[in-house]
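Student: just the structure for this:
(one chain, ligands or ions: 2)
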Amino acid sequence: MDFQLTEEHLAVKEAAREFAQTELLPGVIERDTHGIFPKEQVKKMGELGFLGMMVKPENNGGGMDTLSYVIAMEELSKIDASASVAMSVNNSLVCWGLEKYGTEAQKEKYLRPLASGEVLGAFCLSEPEAGSDATSQRTEAKLNGDHYILNGTKNWITNGNSASIYLVIAQTHPELGHKGISVFIVEREWDGFVVGKKEDKLGIRGSDTHSLMFTDVKVPVENRIGEEGFGFTYAMETLNGGRIGIAAQALGIAAGAYELALAYSKEREAFGKPISKHQAIQFKLADMATQIEAARLLVYKAAWTKDQGEDYSQASAIAKLYASQVAMDVTVEAIQVHGGYGYVKEYHVERLMRDAKITQIYEGTSEIQKIVISRSLLR
Ligand code: CAA
Ligand code: FAD
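Tutor: Ligands and ions are numbered 1, 2, ... in the order given. Here you go, the predicted structure:
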């Protein structure tokens, strides 16, 4: 067992850290306040190769391992989780499945521009009445000659208004339950596709979360990924990897808050000495560092398991369940270390706490992660 990061991993870490400090930090408070999507920043992330990190070089990707990806996710999430979720969706929820299950033509037309960051993708599973209960899809795709007619509504779609390419999960044979679900590639410009209003959220306020409406959208048969009926398995397999990305995001949010609290504790004085000299503050820092270290080990282990080609559904659910709880605990304590200053926007930790909460909800709530873990234990 080797706990040492390689030169390549350290280079990714440094590049992501540098990008986060120079490109994401300026303006992050303003983007959060006004709910502005980090458009220019995400474009630059594409140019630097952050949007298709694990895609093979022949498909315009970085050809990197999952560990490199989680290291980058952690560093970017320390500063701006709204930017990092756009990255996470594009890498894990869009590019991964297209590369694994897409046809050559689908890869040529869709994966390559997505991996290079020329365009952004979105993953559309959730609906107004199908969130955790993801098999109760209402969106329907009916075969009609050489195309499907798609009707329905998707909810909470990340990159909803900034994407050009959408992977849409829909029922093709409702009578077959989850075995009647399929997955389609849908283009933004197609007739009958409308992007709804942006959600006004507690956290990740820069991320553009939208509902999407499909009315008689014509989807060519060649835009189905895999066979009919494969869509639910496709979504679950995709989410196994996606959850590693969100676990890394949660880790980054926690680590970012901890770094701020540590620095602040050395600067702020109370009762004639830095607050870091008070044992109550020292113990908070010790608890935070311990939780973050444990979360990091779980996140790296999940990434490593995926890279080994082993079943990583349990490891990814464990990493997400734990890291998202750590993100909540650590950000709350980071505000406490900052006292009143922690409660205002200028010091960043209140935003990190608001951003932390979503990591317990999306890509499967914490309760759903427990279902995934316990089913795997009892199998
Ligand atoms: N990996 C692979 N296959 C899985 C799986 C996993 N993690 N979980 C379930 N499956 C398979 C099962 O093996 C089963 O297949 P077979 O019938 O072939 O055996 C099939 O899926 C149905 O499974 P269940 O009977 O267990 O289905 P269920 O209705 O009880 O629900 C669930 C299972 C785990 C709760 C699932 O519905 C789920 O994961 N819900 C959460 C949905 C979710 O995570 N949504 C995220 C949306 S994307 C997003 O959020 C992005 C973002 O914010 C940025
Ligand atoms: P519900 O499923 O209604 O859950 C409500 C509560 O009940 C939760 O606490 C849940 O854990 C609990 N619960 C439900 N079932 C059980 C059970 N069987 N046992 C125990 N407890 C249970 N979806 C996408 O498809 N693509 C995206 O890009 C995307 N981005 C998102 C971005 C944001 C900001 C948000 C808020 C959501 C996003 N989602 C996305 C949707 C997200 O995945 C769902 O919100 C999530 O899966 C929960 O579904 P729900 O909101 O319908 O809650």
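Student: model confidence for D208, exactly?
Tutor: On the pLDDT scale, D208 is placed at 96.
Student: what residue in the stretch 1-150 of the chain comes nearest to ligand 2?
Tutor: Here the residue of the stretch 1-150 of the chain nearest ligand 2 is G131; by C-beta to the nearest ligand atom that distance is 1.8 Å. C-beta: built from backbone N, CA, C; applies to glycine.
Student: near ligand 2, anything from stretch 103-123?
Tutor: Yes. Stretch 103-123 reaches ligand 2 (C-beta under 6 Å from any ligand atom) through F123.
Student: which bits of the chain sit near ligand 2?
Tutor: Residues of the chain lying near ligand 2 (C-beta under 6 Å from any ligand atom): 89, 123-126, 131-133, 156-158, 201, 204, 209, 358, 361-365, 367-368.
Student: for ChimeraX, write the selection for the buried entries among those residues.
Tutor: To isolate the buried members of those in ChimeraX, using 16 or more other C-beta atoms under 10 Å:
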select :89,123,124,125,126,131,156,157,158,201,204,209,358,361,362,363,364,365,368
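Student: circling back: which residues touch the residue of the stretch 1-150 of the chain closest to ligand 2?
Tutor: Residues in contact with G131 (C-beta atoms under 8 Å, 6 or more residues apart in numbering) are 155-156.
Student: got it, and the one 5 residues further on?
Tutor: Contacts of S136 were listed using C-beta under 8 Å, 6+ apart, and they are 129-130.
Student: wait, is it part of a strand?
Tutor: No. Judged by DSSP: H, G, I helix; E, B strand; the rest coil, S136 forms no part of a strand; its state is coil.
Student: next one, pLDDT for it please.
Tutor: 95.
Student: kindly report the same for Q325.
Tutor: Model confidence at Q325 (pLDDT) stands at 98.
Student: the strand or helix carrying it near ligand 1 anywhere?
Tutor: Using DSSP states H and E, Q325 sits within helix 313-338. Yes. Counting by C-beta under 6 Å from any ligand atom, ligand 1 has neighbours in helix 313-338: S313.
Student: next one: stretch 117-131
Tutor: Yes. Contact of stretch 117-131 with ligand 1 (C-beta under 6 Å from any ligand atom) involves 123, 125-126.
Student: keeping just the C-alphas, turn that stretch into CSV.
Tutor: Output of stretch 117-131 as CSV, limited to C-alpha atoms (Å, rounded to 0.1, in the frame of the first residue of the first chain):
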residue,chain,number,x,y,z
GLY,A,117,-14.8,21.4,-23.2
GLU,A,118,-16.0,22.9,-26.5
VAL,A,119,-19.6,22.2,-25.3
LEU,A,120,-21.1,21.3,-21.9
GLY,A,121,-23.3,18.3,-21.1
ALA,A,122,-26.2,17.6,-18.7
PHE,A,123,-27.6,14.4,-17.2
CYS,A,124,-31.3,14.3,-16.9
LEU,A,125,-32.7,11.6,-14.6
SER,A,126,-34.7,13.4,-11.9
GLU,A,127,-38.3,14.5,-12.4
PRO,A,128,-40.8,16.4,-10.3
GLU,A,129,-42.1,13.1,-9.0
ALA,A,130,-39.1,10.8,-9.5
GLY,A,131,-36.1,11.8,-7.4
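Student: off-centre distance for that stretch?
Tutor: Relative to its chain's centre, stretch 117-131 lies at 11 Å (C-alpha atoms, centre = their mean, to the nearest Å).
Student: for the chain, longest helix please?
Tutor: In the chain, taking DSSP state H as the definition, the longest helix is helix 231-267.
Student: next helix or strand past it?
Tutor: In N-to-C order, the element after helix 231-267 by DSSP H and E is strand 269-270.
Student: paired strands for whatever helix or strand comes next after that following strand, with orientation please.
Tutor: Note on strand 269-270: by DSSP H and E, the next helix or strand toward the C-terminus is strand 273-274. Paired with strand 273-274 in the same sheet, following DSSP bridges, are strand 269-270 (antiparallel).
Student: give me the contacts around the strand it pairs with.
Tutor: Contacts for strand 269-270 (C-beta under 8 Å, 6+ apart): 275, 278.
Student: dump the residues of stretch 117-131 next to ligand 1 into CSV; add pLDDT as well.
Tutor: Output for the residues of stretch 117-131 next to ligand 1, formatted as CSV (pLDDT from 0 to 100):
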residue, pLDDT
F123, 98
L125, 98
S126, 98
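Student: in helices only, show me those.
Tutor: With DSSP H as the criterion, helices contain none of those.
Student: closest to P26 out of those?
Tutor: F123 (29.2 Å; C-beta to C-beta).
Student: domain ranges for the protein?
Tutor: The chain resolves into domains spanning 7-120, 122-231, 239-378 when parsed by the TED database.
Student: what's near enough to touch Q369?
Tutor: When contacts are counted by C-beta under 8 Å, 6+ apart, Q369 touches 243, 317-318, 320-321.
Student: at 10 Å instead, please
Tutor: 243, 247, 314, 316-322, 324, 360, 363 (C-beta atoms under 10 Å, 6 or more residues apart in numbering).
Student: can you name the residue of the stretch 201-350 of the chain nearest to ligand 1?
Tutor: Taking C-beta to the nearest ligand atom, the stretch 201-350 of the chain has M236 as its residue nearest ligand 1, at 3.5 Å.
Student: which element is the residue nearest to V332 when sequence neighbours are not counted on?
Tutor: Excluding its sequence neighbours, the residue lying closest to V332 (C-beta to C-beta, 6 or more residues apart in numbering) is M353, at 6.0 Å. Per DSSP H and E: M353 is located in helix 349-358.
Student: go on, Y166?
Tutor: With DSSP H and E as criterion, Y166 is part of strand 165-171.
Student: how about that strand and ligand 1, touching?
Tutor: No. Strand 165-171 lies out of reach of ligand 1 by C-beta under 6 Å from any ligand atom, never closer than 9.2 Å.
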